[in-house]
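Participant: Turn this into a structure:
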Amino acid sequence: MKGIFNKSILCIAAMWLLFGNNGCTDLDETLYSELNKGNFYNNKIEVLQAALRPFTHMQAWLAPTGQNGYFYHSELSADQLAWPQKGRHGYDGGDHFRQHYHTWTSNEGRMRSAWNLMWTGVGYVNAAMEDLQDIDNNSLGISDEEMTAILAELHVLRAFHYMKIMELWGNVPIITKVGEPQNPPTKPKAEVFDFIKNELEEYVPKLLPYSEELVGRVSQTAGYAMLSELYLNAEYHIGTPMWDECIDACDKIINGEAGGLAGGVPELADNLTQSFSNTNHYAKEALFQFAFSREGGFTFGWGGFFMGYSNMSRALNVGYSGWNAFVVIPSAFDAYAANDLRKNEWFLFGPQYVYGTDEPILGTEEYNGQPFVYVNSIRRESEGDLTSDGSMAEGEENSGARFHKYKSGTLEDDNYWENHYLIYRLTEIYFNKAEAIMRKNNGVATQEAVDLINACRKRAFSEDDWEAEKYTAATLTMDELLAERGREFIFEGKRRTDIIRFGKFTNGSWWDHEPTNDPNREIYPIPHTQIAANPNLIQNPGYLE
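Facilitator: Reported below is the predicted structural model:
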(Lines give C-alpha, C1' and ligand atoms only; values in the text may rest on other atoms or scores of the structure.)
Protein backbone atom coordinates (compact mmCIF):
# COMPACT_ATOMS: atom_id res chain seq x y z
CA MET A 1 0.00 0.00 0.00
CA LYS A 2 1.24 3.49 -0.79
CA GLY A 3 2.06 5.77 2.18
CA ILE A 4 -0.63 8.17 3.26
CA PHE A 5 1.49 11.13 2.26
CA ASN A 6 1.17 10.14 -1.41
CA LYS A 7 -1.12 12.71 -3.04
CA SER A 8 -3.07 10.11 -4.96
CA ILE A 9 -3.84 8.05 -1.88
CA LEU A 10 -5.14 11.11 -0.02
CA CYS A 11 -7.22 12.03 -3.02
CA ILE A 12 -8.68 8.54 -3.26
CA ALA A 13 -9.43 8.49 0.47
CA ALA A 14 -11.40 11.70 0.17
CA MET A 15 -13.14 10.51 -3.00
CA TRP A 16 -14.49 7.31 -1.48
CA LEU A 17 -15.65 9.11 1.60
CA LEU A 18 -17.79 11.34 -0.54
CA PHE A 19 -19.57 8.09 -1.56
CA GLY A 20 -19.22 8.24 -5.25
CA ASN A 21 -16.94 8.48 -8.20
CA ASN A 22 -17.00 12.27 -8.60
CA GLY A 23 -14.33 13.11 -6.04
CA CYS A 24 -10.68 13.73 -6.91
CA THR A 25 -10.14 12.97 -10.57
CA ASP A 26 -6.63 14.32 -11.21
CA LEU A 27 -4.79 11.04 -10.71
CA ASP A 28 -2.32 11.37 -13.56
CA GLU A 29 0.57 12.79 -11.54
CA THR A 30 3.65 10.70 -10.83
CA LEU A 31 2.99 7.87 -8.40
CA TYR A 32 5.85 7.72 -5.93
CA SER A 33 5.47 4.02 -5.42
CA GLU A 34 8.73 3.80 -3.51
CA LEU A 35 7.02 5.63 -0.62
CA ASN A 36 5.34 2.52 0.66
CA LYS A 37 4.87 2.22 4.39
CA GLY A 38 7.83 -0.09 4.73
CA ASN A 39 10.11 2.61 3.36
CA PHE A 40 8.46 5.62 4.94
CA TYR A 41 7.94 4.76 8.62
CA ASN A 42 11.54 4.80 9.75
CA ASN A 43 11.18 6.41 13.18
CA LYS A 44 8.76 7.41 15.89
CA ILE A 45 8.30 10.94 14.53
CA GLU A 46 7.05 9.63 11.19
CA VAL A 47 4.60 7.32 12.96
CA LEU A 48 3.26 10.21 15.04
CA GLN A 49 2.97 12.40 11.96
CA ALA A 50 0.68 9.83 10.39
CA ALA A 51 -1.35 9.40 13.58
CA LEU A 52 -1.76 13.14 14.12
CA ARG A 53 -2.73 14.07 10.55
CA PRO A 54 -6.43 13.24 11.12
CA PHE A 55 -6.40 15.28 14.33
CA THR A 56 -5.02 18.38 12.64
CA HIS A 57 -7.60 18.01 9.86
CA MET A 58 -10.37 17.93 12.49
CA GLN A 59 -9.61 21.53 13.39
CA ALA A 60 -11.05 22.52 10.02
CA TRP A 61 -14.56 21.37 10.91
CA LEU A 62 -14.75 21.42 14.71
CA ALA A 63 -13.14 24.70 15.81
CA PRO A 64 -14.87 28.03 15.06
CA THR A 65 -12.19 29.11 12.62
CA GLY A 66 -14.25 30.05 9.59
CA GLN A 67 -14.89 26.67 7.99
CA ASN A 68 -18.53 25.71 7.42
CA GLY A 69 -18.33 22.59 9.52
CA TYR A 70 -19.89 21.15 12.64
CA PHE A 71 -19.54 24.37 14.64
CA TYR A 72 -21.43 26.48 12.11
CA HIS A 73 -24.38 24.09 12.04
CA SER A 74 -24.39 23.38 15.75
CA GLU A 75 -24.57 27.03 16.75
CA LEU A 76 -26.56 28.79 14.04
CA SER A 77 -29.44 26.31 14.22
CA ALA A 78 -29.77 26.76 17.99
CA ASP A 79 -31.03 29.47 20.32
CA GLN A 80 -27.94 31.50 21.21
CA LEU A 81 -26.09 32.67 18.08
CA ALA A 82 -27.18 33.98 14.70
CA TRP A 83 -25.63 35.50 11.58
CA PRO A 84 -28.20 38.13 10.59
CA GLN A 85 -28.06 40.36 7.57
CA LYS A 86 -26.55 43.69 8.57
CA GLY A 87 -27.51 46.25 5.99
CA ARG A 88 -25.72 45.35 2.77
CA HIS A 89 -23.67 42.61 4.44
CA GLY A 90 -24.32 39.04 5.52
CA TYR A 91 -27.31 37.84 3.50
CA ASP A 92 -25.11 35.29 1.69
CA GLY A 93 -27.90 33.77 -0.34
CA GLY A 94 -30.04 33.27 2.76
CA ASP A 95 -27.76 30.51 4.11
CA HIS A 96 -27.79 31.78 7.70
CA PHE A 97 -31.52 32.57 7.58
CA ARG A 98 -32.29 28.95 6.70
CA GLN A 99 -30.18 27.75 9.62
CA HIS A 100 -31.92 30.09 12.03
CA TYR A 101 -35.45 29.34 10.84
CA HIS A 102 -34.83 25.60 10.25
CA THR A 103 -35.79 25.83 6.58
CA TRP A 104 -32.66 24.25 5.10
CA THR A 105 -32.81 21.92 2.12
CA SER A 106 -30.63 19.07 0.86
CA ASN A 107 -28.89 21.55 -1.46
CA GLU A 108 -27.08 23.66 1.15
CA GLY A 109 -23.52 24.45 0.06
CA ARG A 110 -22.30 24.92 3.62
CA MET A 111 -23.82 21.61 4.65
CA ARG A 112 -22.02 19.88 1.77
CA SER A 113 -18.82 21.50 2.99
CA ALA A 114 -19.38 20.12 6.49
CA TRP A 115 -20.13 16.66 5.09
CA ASN A 116 -16.99 16.68 2.94
CA LEU A 117 -14.74 17.93 5.73
CA MET A 118 -15.97 15.43 8.30
CA TRP A 119 -15.96 12.38 6.04
CA THR A 120 -12.56 13.26 4.68
CA GLY A 121 -11.45 13.20 8.32
CA VAL A 122 -12.75 9.64 8.63
CA GLY A 123 -10.72 8.81 5.54
CA TYR A 124 -7.54 10.18 7.09
CA VAL A 125 -8.12 8.04 10.18
CA ASN A 126 -8.80 4.88 8.20
CA ALA A 127 -5.73 5.44 6.01
CA ALA A 128 -3.51 5.98 9.04
CA MET A 129 -4.84 2.84 10.72
CA GLU A 130 -4.11 0.76 7.66
CA ASP A 131 -0.59 2.14 7.44
CA LEU A 132 0.30 1.72 11.10
CA GLN A 133 -1.34 -1.48 12.22
CA ASP A 134 1.35 -3.81 10.86
CA ILE A 135 4.59 -1.83 11.33
CA ASP A 136 7.37 -3.25 13.49
CA ASN A 137 7.11 -0.66 16.26
CA ASN A 138 9.86 -2.16 18.42
CA SER A 139 12.42 -1.64 15.68
CA LEU A 140 11.45 2.07 15.70
CA GLY A 141 11.92 2.46 19.43
CA ILE A 142 8.18 2.44 20.18
CA SER A 143 7.10 0.14 22.99
CA ASP A 144 4.12 -2.17 22.55
CA GLU A 145 2.21 -0.16 25.17
CA GLU A 146 2.80 3.11 23.36
CA MET A 147 1.96 1.62 19.96
CA THR A 148 -1.27 0.22 21.40
CA ALA A 149 -2.09 3.72 22.66
CA ILE A 150 -1.31 5.33 19.29
CA LEU A 151 -3.63 2.93 17.48
CA ALA A 152 -6.23 3.45 20.20
CA GLU A 153 -6.02 7.19 19.57
CA LEU A 154 -7.01 6.60 15.97
CA HIS A 155 -9.94 4.34 16.90
CA VAL A 156 -11.20 6.87 19.45
CA LEU A 157 -10.74 9.78 17.07
CA ARG A 158 -12.72 7.94 14.39
CA ALA A 159 -15.47 7.26 16.90
CA PHE A 160 -15.55 10.98 17.74
CA HIS A 161 -15.92 11.80 14.04
CA TYR A 162 -18.82 9.37 13.82
CA MET A 163 -20.46 10.76 16.95
CA LYS A 164 -20.52 14.25 15.45
CA ILE A 165 -21.58 12.94 12.02
CA MET A 166 -24.40 11.01 13.71
CA GLU A 167 -25.51 14.15 15.57
CA LEU A 168 -25.89 16.03 12.28
CA TRP A 169 -27.15 13.33 9.89
CA GLY A 170 -28.37 10.40 11.99
CA ASN A 171 -28.48 7.48 9.57
CA VAL A 172 -25.15 7.22 7.76
CA PRO A 173 -22.76 4.59 6.40
CA ILE A 174 -20.07 2.98 8.53
CA ILE A 175 -16.71 2.86 6.77
CA THR A 176 -13.63 1.33 8.35
CA LYS A 177 -11.39 0.86 5.30
CA VAL A 178 -10.48 3.33 2.59
CA GLY A 179 -12.58 2.66 -0.51
CA GLU A 180 -14.42 -0.38 0.83
CA PRO A 181 -17.17 -0.78 -0.10
CA GLN A 182 -17.31 1.40 -3.19
CA ASN A 183 -20.86 2.62 -2.50
CA PRO A 184 -21.48 2.05 1.20
CA PRO A 185 -25.10 1.70 2.31
CA THR A 186 -26.85 3.83 4.91
CA LYS A 187 -26.98 2.28 8.37
CA PRO A 188 -29.70 2.99 10.95
CA LYS A 189 -28.67 5.45 13.64
CA ALA A 190 -28.94 2.74 16.30
CA GLU A 191 -26.28 0.72 14.48
CA VAL A 192 -24.06 3.77 14.12
CA PHE A 193 -24.49 4.48 17.84
CA ASP A 194 -23.48 0.92 18.73
CA PHE A 195 -20.41 1.19 16.51
CA ILE A 196 -19.32 4.38 18.28
CA LYS A 197 -20.07 2.95 21.71
CA ASN A 198 -18.19 -0.29 21.08
CA GLU A 199 -15.15 1.49 19.67
CA LEU A 200 -14.97 3.90 22.60
CA GLU A 201 -15.54 1.24 25.26
CA GLU A 202 -12.84 -0.98 23.78
CA TYR A 203 -10.16 1.61 23.05
CA VAL A 204 -10.52 4.41 25.60
CA PRO A 205 -8.98 2.25 28.40
CA LYS A 206 -5.99 1.65 26.11
CA LEU A 207 -5.24 5.37 25.81
CA LEU A 208 -2.55 7.01 27.89
CA PRO A 209 -3.59 9.20 30.84
CA TYR A 210 -3.65 12.92 30.06
CA SER A 211 -0.41 14.74 30.72
CA GLU A 212 1.46 17.74 29.35
CA GLU A 213 3.12 15.46 26.79
CA LEU A 214 -0.30 14.59 25.36
CA VAL A 215 -1.65 18.12 24.89
CA GLY A 216 -2.94 18.18 21.33
CA ARG A 217 -3.48 14.42 21.26
CA VAL A 218 -6.21 11.98 22.28
CA SER A 219 -5.80 10.85 25.89
CA GLN A 220 -7.98 9.05 28.40
CA THR A 221 -9.64 12.27 29.59
CA ALA A 222 -10.65 12.97 25.99
CA GLY A 223 -11.99 9.44 25.57
CA TYR A 224 -14.01 9.37 28.78
CA ALA A 225 -15.39 12.84 27.99
CA MET A 226 -16.59 11.45 24.65
CA LEU A 227 -18.17 8.50 26.43
CA SER A 228 -19.90 10.77 28.94
CA GLU A 229 -21.39 12.76 26.06
CA LEU A 230 -22.43 9.66 24.15
CA TYR A 231 -24.07 8.10 27.21
CA LEU A 232 -25.79 11.37 28.13
CA ASN A 233 -27.46 11.44 24.71
CA ALA A 234 -28.16 7.71 24.48
CA GLU A 235 -31.82 7.96 25.41
CA TYR A 236 -32.40 10.45 22.62
CA HIS A 237 -30.36 8.54 20.03
CA ILE A 238 -31.50 4.96 20.69
CA GLY A 239 -34.29 5.20 23.26
CA THR A 240 -32.26 3.54 26.01
CA PRO A 241 -31.06 5.67 28.92
CA MET A 242 -27.46 5.19 30.04
CA TRP A 243 -27.31 7.47 33.07
CA ASP A 244 -25.20 5.17 35.22
CA GLU A 245 -22.70 4.69 32.42
CA CYS A 246 -22.50 8.47 32.02
CA ILE A 247 -21.86 8.95 35.72
CA ASP A 248 -19.14 6.28 35.70
CA ALA A 249 -17.36 7.92 32.76
CA CYS A 250 -17.55 11.30 34.47
CA ASP A 251 -16.15 9.85 37.68
CA LYS A 252 -13.16 8.42 35.84
CA ILE A 253 -12.25 12.00 34.94
CA ILE A 254 -13.27 13.75 38.16
CA ASN A 255 -11.41 11.26 40.33
CA GLY A 256 -8.23 11.58 38.30
CA GLU A 257 -8.20 8.01 36.98
CA ALA A 258 -7.70 9.33 33.42
CA GLY A 259 -4.94 11.81 34.19
CA GLY A 260 -4.99 15.59 33.99
CA LEU A 261 -2.92 18.73 33.70
CA ALA A 262 -3.01 19.71 37.38
CA GLY A 263 -0.61 17.25 38.92
CA GLY A 264 -2.28 14.31 37.21
CA VAL A 265 -5.83 15.31 38.15
CA PRO A 266 -8.00 17.90 36.35
CA GLU A 267 -9.32 20.79 38.44
CA LEU A 268 -11.94 23.43 37.83
CA ALA A 269 -10.54 26.77 36.72
CA ASP A 270 -10.27 29.37 39.44
CA ASN A 271 -12.03 32.07 37.42
CA LEU A 272 -13.87 32.78 34.18
CA THR A 273 -10.84 33.67 32.07
CA GLN A 274 -8.22 31.07 32.98
CA SER A 275 -9.35 28.37 30.55
CA PHE A 276 -9.69 30.72 27.57
CA SER A 277 -6.67 32.98 27.95
CA ASN A 278 -3.66 33.15 25.67
CA THR A 279 -1.71 31.19 28.31
CA ASN A 280 -4.20 28.31 28.50
CA HIS A 281 -1.78 25.72 27.05
CA TYR A 282 -1.88 23.70 30.25
CA ALA A 283 -5.21 24.94 31.63
CA LYS A 284 -5.94 22.77 34.61
CA GLU A 285 -9.51 21.96 33.62
CA ALA A 286 -8.62 21.11 30.01
CA LEU A 287 -9.41 17.54 28.97
CA PHE A 288 -9.01 17.67 25.18
CA GLN A 289 -7.75 20.59 23.14
CA PHE A 290 -6.40 21.81 19.85
CA ALA A 291 -2.87 23.05 20.41
CA PHE A 292 -2.99 26.20 18.30
CA SER A 293 -0.04 28.60 18.25
CA ARG A 294 0.40 31.85 16.35
CA GLU A 295 4.17 31.64 16.70
CA GLY A 296 4.01 28.10 15.38
CA GLY A 297 2.06 29.27 12.34
CA PHE A 298 -1.21 27.54 13.29
CA THR A 299 -3.35 30.23 14.87
CA PHE A 300 -6.77 29.68 16.46
CA GLY A 301 -8.31 32.16 14.04
CA TRP A 302 -11.74 32.84 15.49
CA GLY A 303 -11.81 36.29 13.91
CA GLY A 304 -13.77 35.34 10.78
CA PHE A 305 -16.93 34.27 12.58
CA PHE A 306 -16.61 36.31 15.74
CA MET A 307 -14.66 39.52 15.14
CA GLY A 308 -16.18 42.77 13.89
CA TYR A 309 -14.94 44.82 10.99
CA SER A 310 -11.49 46.38 11.02
CA ASN A 311 -12.63 49.29 13.21
CA MET A 312 -12.83 46.82 16.13
CA SER A 313 -9.15 45.93 15.81
CA ARG A 314 -8.33 49.22 17.52
CA ALA A 315 -10.73 48.43 20.36
CA LEU A 316 -8.82 45.28 21.28
CA ASN A 317 -5.39 46.39 19.99
CA VAL A 318 -5.08 43.33 17.78
CA GLY A 319 -3.94 42.72 14.22
CA TYR A 320 -6.98 40.78 13.03
CA SER A 321 -10.56 41.57 12.11
CA GLY A 322 -13.47 39.53 10.82
CA TRP A 323 -16.69 39.34 8.87
CA ASN A 324 -18.88 40.87 11.61
CA ALA A 325 -20.78 37.60 11.39
CA PHE A 326 -22.03 35.81 14.53
CA VAL A 327 -24.01 37.82 17.07
CA VAL A 328 -25.69 36.81 20.32
CA ILE A 329 -29.44 36.40 20.00
CA PRO A 330 -31.16 38.98 22.26
CA SER A 331 -33.04 36.35 24.26
CA ALA A 332 -29.76 34.51 24.93
CA PHE A 333 -28.05 37.66 26.22
CA ASP A 334 -31.08 38.39 28.38
CA ALA A 335 -30.64 34.95 30.00
CA TYR A 336 -27.72 36.34 32.03
CA ALA A 337 -28.54 38.23 35.22
CA ALA A 338 -27.16 41.74 35.50
CA ASN A 339 -24.75 40.64 38.23
CA ASP A 340 -23.53 37.55 36.32
CA LEU A 341 -19.80 38.14 35.81
CA ARG A 342 -19.88 36.10 32.60
CA LYS A 343 -21.90 38.91 31.04
CA ASN A 344 -18.93 41.26 31.37
CA GLU A 345 -16.09 38.79 30.85
CA TRP A 346 -17.30 36.81 27.83
CA PHE A 347 -19.01 39.45 25.69
CA LEU A 348 -18.35 42.75 23.98
CA PHE A 349 -21.30 45.03 24.70
CA GLY A 350 -22.06 48.72 24.96
CA PRO A 351 -19.80 51.61 23.86
CA GLN A 352 -16.49 50.60 22.29
CA TYR A 353 -13.30 52.61 22.77
CA VAL A 354 -9.81 52.59 21.34
CA TYR A 355 -7.83 50.25 23.57
CA GLY A 356 -6.61 51.92 26.75
CA THR A 357 -8.29 55.25 26.02
CA ASP A 358 -11.66 56.98 26.19
CA GLU A 359 -11.60 57.70 22.45
CA PRO A 360 -14.73 56.17 20.90
CA ILE A 361 -14.49 53.61 18.14
CA LEU A 362 -16.45 54.95 15.18
CA GLY A 363 -18.92 53.06 13.05
CA THR A 364 -18.36 52.41 9.35
CA GLU A 365 -21.80 51.48 8.03
CA GLU A 366 -25.14 52.60 9.51
CA TYR A 367 -23.25 54.56 12.15
CA ASN A 368 -20.45 55.81 9.94
CA GLY A 369 -18.42 58.39 11.85
CA GLN A 370 -20.55 58.01 14.98
CA PRO A 371 -19.56 56.38 18.31
CA PHE A 372 -19.92 52.63 17.97
CA VAL A 373 -22.14 50.87 20.55
CA TYR A 374 -23.06 47.18 20.59
CA VAL A 375 -26.76 46.84 21.47
CA ASN A 376 -28.89 43.89 22.53
CA SER A 377 -31.25 44.12 19.59
CA ILE A 378 -31.32 43.18 15.93
CA ARG A 379 -33.43 45.85 14.24
CA ARG A 380 -33.05 49.04 12.19
CA GLU A 381 -32.49 51.47 15.03
CA SER A 382 -30.66 53.88 12.72
CA GLU A 383 -33.99 54.22 10.88
CA GLY A 384 -35.98 54.87 14.05
CA ASP A 385 -37.07 51.35 15.03
CA LEU A 386 -36.41 51.25 18.76
CA THR A 387 -39.21 48.92 19.87
CA SER A 388 -39.77 45.99 17.50
CA ASP A 389 -38.33 42.51 18.01
CA GLY A 390 -36.54 42.86 14.67
CA SER A 391 -35.57 39.91 12.51
CA MET A 392 -32.71 38.20 10.73
CA ALA A 393 -33.14 40.63 7.82
CA GLU A 394 -32.99 43.80 9.92
CA GLY A 395 -29.57 43.80 11.54
CA GLU A 396 -27.08 46.64 11.62
CA GLU A 397 -23.31 46.79 12.07
CA ASN A 398 -23.69 47.01 15.87
CA SER A 399 -26.58 44.56 16.35
CA GLY A 400 -26.15 42.07 19.18
CA ALA A 401 -23.62 41.43 21.92
CA ARG A 402 -20.42 39.86 20.60
CA PHE A 403 -17.90 37.15 21.38
CA HIS A 404 -15.12 37.88 23.88
CA LYS A 405 -14.72 34.53 25.62
CA TYR A 406 -11.30 33.70 24.20
CA LYS A 407 -9.00 36.69 24.48
CA SER A 408 -5.91 36.95 22.30
CA GLY A 409 -4.20 39.67 24.30
CA THR A 410 -2.80 42.74 22.61
CA LEU A 411 -0.16 43.03 19.91
CA GLU A 412 2.44 43.79 22.58
CA ASP A 413 1.62 40.70 24.63
CA ASP A 414 4.38 38.05 24.65
CA ASN A 415 1.65 35.40 24.29
CA TYR A 416 -0.44 37.30 21.74
CA TRP A 417 -2.97 34.95 20.10
CA GLU A 418 -1.40 31.79 21.51
CA ASN A 419 -4.76 30.45 22.69
CA HIS A 420 -5.52 26.76 22.56
CA TYR A 421 -9.10 25.72 21.77
CA LEU A 422 -10.71 23.51 24.43
CA ILE A 423 -12.89 20.75 23.00
CA TYR A 424 -13.77 19.34 26.43
CA ARG A 425 -13.19 20.89 29.83
CA LEU A 426 -13.90 19.63 33.33
CA THR A 427 -16.87 21.96 33.81
CA GLU A 428 -18.76 20.02 31.13
CA ILE A 429 -18.13 16.77 32.98
CA TYR A 430 -19.57 18.27 36.17
CA PHE A 431 -22.66 19.32 34.21
CA ASN A 432 -22.98 15.92 32.50
CA LYS A 433 -22.81 14.07 35.79
CA ALA A 434 -25.31 16.40 37.45
CA GLU A 435 -27.75 15.99 34.57
CA ALA A 436 -27.44 12.20 34.60
CA ILE A 437 -28.10 12.20 38.35
CA MET A 438 -31.18 14.37 37.92
CA ARG A 439 -32.56 12.32 35.06
CA LYS A 440 -32.13 9.16 37.13
CA ASN A 441 -34.13 10.96 39.83
CA ASN A 442 -37.07 11.83 37.56
CA GLY A 443 -35.73 15.28 36.81
CA VAL A 444 -35.37 16.31 40.45
CA ALA A 445 -32.05 17.63 41.72
CA THR A 446 -30.23 15.82 44.49
CA GLN A 447 -27.76 17.61 46.72
CA GLU A 448 -24.90 16.03 44.80
CA ALA A 449 -26.21 17.46 41.53
CA VAL A 450 -26.64 20.88 43.15
CA ASP A 451 -23.11 20.81 44.52
CA LEU A 452 -21.66 19.92 41.10
CA ILE A 453 -23.38 22.81 39.34
CA ASN A 454 -22.72 25.29 42.14
CA ALA A 455 -19.01 24.46 42.07
CA CYS A 456 -18.95 25.73 38.47
CA ARG A 457 -21.49 28.55 38.79
CA LYS A 458 -19.75 30.11 41.79
CA ARG A 459 -17.12 31.64 39.51
CA ALA A 460 -19.81 33.74 37.86
CA PHE A 461 -20.78 35.78 40.92
CA SER A 462 -19.12 37.95 43.51
CA GLU A 463 -18.84 36.76 47.08
CA ASP A 464 -21.47 39.31 48.10
CA ASP A 465 -23.96 37.99 45.54
CA TRP A 466 -23.26 34.26 45.85
CA GLU A 467 -25.62 33.36 48.68
CA ALA A 468 -28.57 34.73 46.74
CA GLU A 469 -27.46 33.20 43.43
CA LYS A 470 -26.45 29.65 44.33
CA TYR A 471 -28.78 26.81 43.47
CA THR A 472 -30.76 24.66 45.85
CA ALA A 473 -32.50 21.37 45.18
CA ALA A 474 -35.69 23.37 44.69
CA THR A 475 -34.32 25.94 42.24
CA LEU A 476 -32.17 23.61 40.10
CA THR A 477 -34.93 22.32 37.85
CA MET A 478 -34.30 20.65 34.49
CA ASP A 479 -35.27 23.85 32.68
CA GLU A 480 -32.87 25.83 34.84
CA LEU A 481 -30.12 23.29 34.22
CA LEU A 482 -30.55 23.74 30.46
CA ALA A 483 -30.48 27.52 30.86
CA GLU A 484 -27.31 27.33 32.95
CA ARG A 485 -25.68 25.01 30.41
CA GLY A 486 -26.41 27.69 27.83
CA ARG A 487 -24.90 30.45 29.92
CA GLU A 488 -21.80 28.42 30.75
CA PHE A 489 -21.02 26.90 27.34
CA ILE A 490 -22.00 29.72 25.01
CA PHE A 491 -19.68 29.94 21.98
CA GLU A 492 -18.39 26.38 22.60
CA GLY A 493 -20.34 24.51 19.90
CA LYS A 494 -22.55 22.54 22.30
CA ARG A 495 -25.96 24.15 22.10
CA ARG A 496 -27.76 22.28 19.30
CA THR A 497 -27.12 18.91 20.91
CA ASP A 498 -28.23 20.20 24.30
CA ILE A 499 -31.57 21.63 23.23
CA ILE A 500 -32.32 18.54 21.14
CA ARG A 501 -31.71 16.34 24.19
CA PHE A 502 -34.00 18.56 26.25
CA GLY A 503 -36.73 18.41 23.59
CA LYS A 504 -36.61 22.12 22.76
CA PHE A 505 -35.06 22.19 19.29
CA THR A 506 -38.08 21.81 17.01
CA ASN A 507 -40.74 23.04 19.43
CA GLY A 508 -38.83 25.85 21.10
CA SER A 509 -39.11 29.59 20.54
CA TRP A 510 -36.32 32.15 20.77
CA TRP A 511 -36.16 35.74 19.58
CA ASP A 512 -37.86 35.66 16.14
CA HIS A 513 -37.59 31.89 15.67
CA GLU A 514 -40.91 30.05 15.81
CA PRO A 515 -41.22 26.29 16.36
CA THR A 516 -41.34 24.06 13.31
CA ASN A 517 -42.78 21.15 15.33
CA ASP A 518 -41.14 18.91 12.75
CA PRO A 519 -39.04 16.17 14.38
CA ASN A 520 -37.37 15.51 11.02
CA ARG A 521 -35.51 18.80 11.49
CA GLU A 522 -33.52 17.29 14.35
CA ILE A 523 -31.18 15.84 11.74
CA TYR A 524 -29.96 17.34 8.49
CA PRO A 525 -30.63 15.91 5.04
CA ILE A 526 -27.85 14.03 3.34
CA PRO A 527 -26.58 16.40 0.62
CA HIS A 528 -28.37 15.64 -2.61
CA THR A 529 -25.05 15.44 -4.46
CA GLN A 530 -24.12 12.43 -2.32
CA ILE A 531 -27.48 10.76 -2.95
CA ALA A 532 -26.88 11.22 -6.68
CA ALA A 533 -23.35 9.77 -6.46
CA ASN A 534 -24.16 6.76 -4.32
CA PRO A 535 -27.33 4.77 -5.09
CA ASN A 536 -27.06 2.96 -1.73
CA LEU A 537 -27.62 6.09 0.33
CA ILE A 538 -31.11 6.67 1.70
CA GLN A 539 -32.27 10.23 2.29
CA ASN A 540 -33.34 11.10 5.82
CA PRO A 541 -37.10 11.29 6.50
CA GLY A 542 -38.83 14.53 5.59
CA TYR A 543 -36.41 15.62 2.87
CA LEU A 544 -36.54 15.37 -0.89
CA GLU A 545 -33.59 13.71 -2.58
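
Participant: Test my guess that Glu480 contacts Glu469.
Facilitator: No. With contact defined as C-beta atoms under 8 Å, Glu480 does not count as touching Glu469 (12.0 Å). Placement of C-beta: from N, CA and C, glycine included.

Participant: higher neighbour count, these two?
Facilitator: Neighbours per residue (other C-beta atoms under 10 Å) separate Glu480 from Glu469, with Glu469 holding more: 16 against 13.

Participant: can you map out the helices along the stretch 401-545 of the chain?
Facilitator: Under the criterion DSSP state H, counting those that start in this stretch, the stretch 401-545 of the chain contains helices at 426-440, 447-457, 463-469, 478-489, 495-501, 528-533.

Participant: OK, contacts around Glu345?
Facilitator: When the contact criterion is C-beta atoms under 8 Å, 6 or more residues apart in numbering, the partners of Glu345 are Leu272, Thr273, His404, Lys405.

Participant: let me fix that: Asp92
Facilitator: Under the criterion of C-beta under 8 Å, 6+ apart, the contact partners of Asp92 comprise Trp83.

Participant: again, but for Asn376
Facilitator: By C-beta under 8 Å, 6+ apart, the contact set of Asn376 is Val328, Pro330, Phe333, Asp334, Phe349, Gly400, Ala401.

Participant: repeat that for 7 Å
Facilitator: For Asn376, the contacting residues are Pro330, Phe333, Gly400, Ala401, taking C-beta atoms under 7 Å, 6 or more residues apart in numbering as the criterion.

Participant: circling back to that earlier point, check the contacts of Glu345 and tell me the two furthest apart.
Facilitator: Leu272 and His404 (11.0 Å; C-beta to C-beta).

Participant: what comes into contact with stretch 231-246?
Facilitator: By C-beta under 7 Å, 6+ apart, the list of residues contacting stretch 231-246 from outside reads 189-190, 193, 228, 249, 432, 435-436, 439-440, 497, 500-501.

Participant: Could I get those in CSV, plus columns for distance to Ala532 and neighbour count?
Facilitator: Written out in CSV, the entries for those read as follows (distance: C-beta to C-beta, whole Å; neighbours: other C-beta atoms under 10 Å):
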residue, distance to Ala532, neighbour count
Lys189, 22, 18
Ala190, 26, 13
Phe193, 27, 21
Ser228, 38, 28
Ala249, 40, 29
Asn432, 39, 24
Glu435, 41, 27
Ala436, 42, 24
Arg439, 41, 19
Lys440, 46, 16
Thr497, 29, 20
Ile500, 28, 22
Arg501, 33, 19
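
Participant: Tell me the one among these nearest to Ala291.
Facilitator: Distance to Ala291 across the contacts of stretch 231-246 (C-beta to C-beta) is lowest for Ser228, with 22.4 Å.

Participant: State the distance from Ala225 to His528.
Facilitator: With distances defined as C-beta to C-beta, to the nearest Å, the gap from Ala225 to His528 amounts to 34 Å.

Participant: Check Ile238 too.
Facilitator: As for Ile238, its distance to His528 is 27 Å (criterion: C-beta to C-beta).

Participant: same check, this time on Gly94
Facilitator: Applying C-beta to C-beta to Gly94 and His528 gives a distance of 17 Å.

Participant: Residues contacting stretch 134-151, please?
Facilitator: Under the contact criterion C-beta under 7 Å, 6+ apart, stretch 134-151 has outside partners Lys37, Tyr41, Asn43, Lys44, Val47, Ala51, Met129, Leu132, Gln133, Lys206, Leu207, Leu208.

Participant: Would you mind measuring the gap between the ends of it?
Facilitator: Criterion C-alpha to C-alpha, to the nearest Å; first-to-last residue distance in stretch 134-151 is 11 Å.
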